[in-house]
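Participant: give me a 3D structure for the following:
(one chain, ligands or ions: 1)
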Amino acid sequence: MSKKLVLASQSPRRQAFLSQLGYEFDVLAADIDESPLANEIPADYVQRLATQKAQHCFALLSQSSDSLVIGSDTCVVCQGKILGKPKDEADCIATLTLLSGKTHQVLTAVALVADGLTVAKLVSTEVTFRTLTLAEMQRYWQTGEPQDKAGSYAIQGLAGQFITSISGSYSSVVGLPLVETKALLTQAGLTAQMPIN
Ligand SMILES: Cc1cn([C@H]2C[C@H](O)[C@@H](COP(=O)(O)OP(=O)(O)OP(=O)(O)O)O2)c(=O)[nH]c1=O
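Facilitator: Residues are numbered from 1 along each chain as shown. Below you'll find the predicted structure:
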């Protein structure tokens, strides 16, 4: 019997990417505390949260131990600061002011729990913003797009026009690195509906 796949995420973007890989899956919300620990470095932070999201949902499914659970977490890092989702307009504008005219990193970790064991992969992508004006940042906040996005922007949305270059994985910036996720699922023995490799 093939194993059941569960995505520990409420993000519609992560759900769309996992469908794009050709898998069928159920979705469970992973309600965990996303605050960074004192002195936690960004790479450890995203890997810890991706792991906790996957393990939290795996624990909810304990009676069906043949389930595979995927969790993911994304944060933006600029000048050593972890930039999560904006708390309010002032926070969004402070974040976009920091990103304006600079290159920053987007870190995404994807974690898979299978047979009670967790494996995580970390992906780092560099994104460069052109210089933004205060009026642009204020109008961008008004669109509602930055509210639920790490770093207060969405590369796949209106903020695409702020970005002059990207070096790394586009899908990772949007929330789920396709190559690494596919590799984890293949290693765990899960076959896509229409496999191409
Ligand atoms: C930088 C960037 C982030 N994001 C998103 C990816 C993540 O969904 C979100 C960061 O928040 P996360 O806490 O990683 O994820 P989430 O709360 O959306 O979903 P869940 O925890 O249920 O899996 O920001 C974009 O969609 N586009 C971007 O360009």
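
Participant: every contact and neighbour count from this point should use C-alpha atoms.
Facilitator: Will do.

Participant: now for residue 173: which residues touch it?
Facilitator: 74, 106, 107, 108, 125, 155 (C-alpha atoms under 8 Å, 6 or more residues apart in numbering).

Participant: dump those residues into CSV; add secondary structure, pLDDT and neighbour count as well.
Facilitator: CSV is the format used below for these (DSSP: H, G, I helix; E, B strand; the rest coil; pLDDT from 0 to 100; neighbours: other C-alpha atoms under 10 Å):
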residue, secondary structure, pLDDT, neighbour count
74, strand, 98, 30
106, strand, 98, 26
107, strand, 98, 24
108, strand, 98, 29
125, strand, 98, 18
155, coil, 98, 17
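
Participant: burial count for the nearest residue to residue 129 once chain neighbours are set aside?
Facilitator: Closest residue to residue 129 apart from its sequence neighbours, by C-alpha to C-alpha, 6 or more residues apart in numbering: residue 163 at 4.5 Å. Neighbours of residue 163 under the rule other C-alpha atoms under 10 Å: 17.

Participant: how close does residue 163 sit to residue 148?
Facilitator: Distance, residue 163 to residue 148, using C-alpha to C-alpha, to the nearest Å: 19 Å.

Participant: same check on residue 136?
Facilitator: 18 Å.

Participant: also residue 79?
Facilitator: For residue 79 relative to residue 148 (C-alpha to C-alpha), the value is 22 Å.

Participant: what do you get for residue 159?
Facilitator: 13 Å.

Participant: swap in residue 161?
Facilitator: 19 Å.
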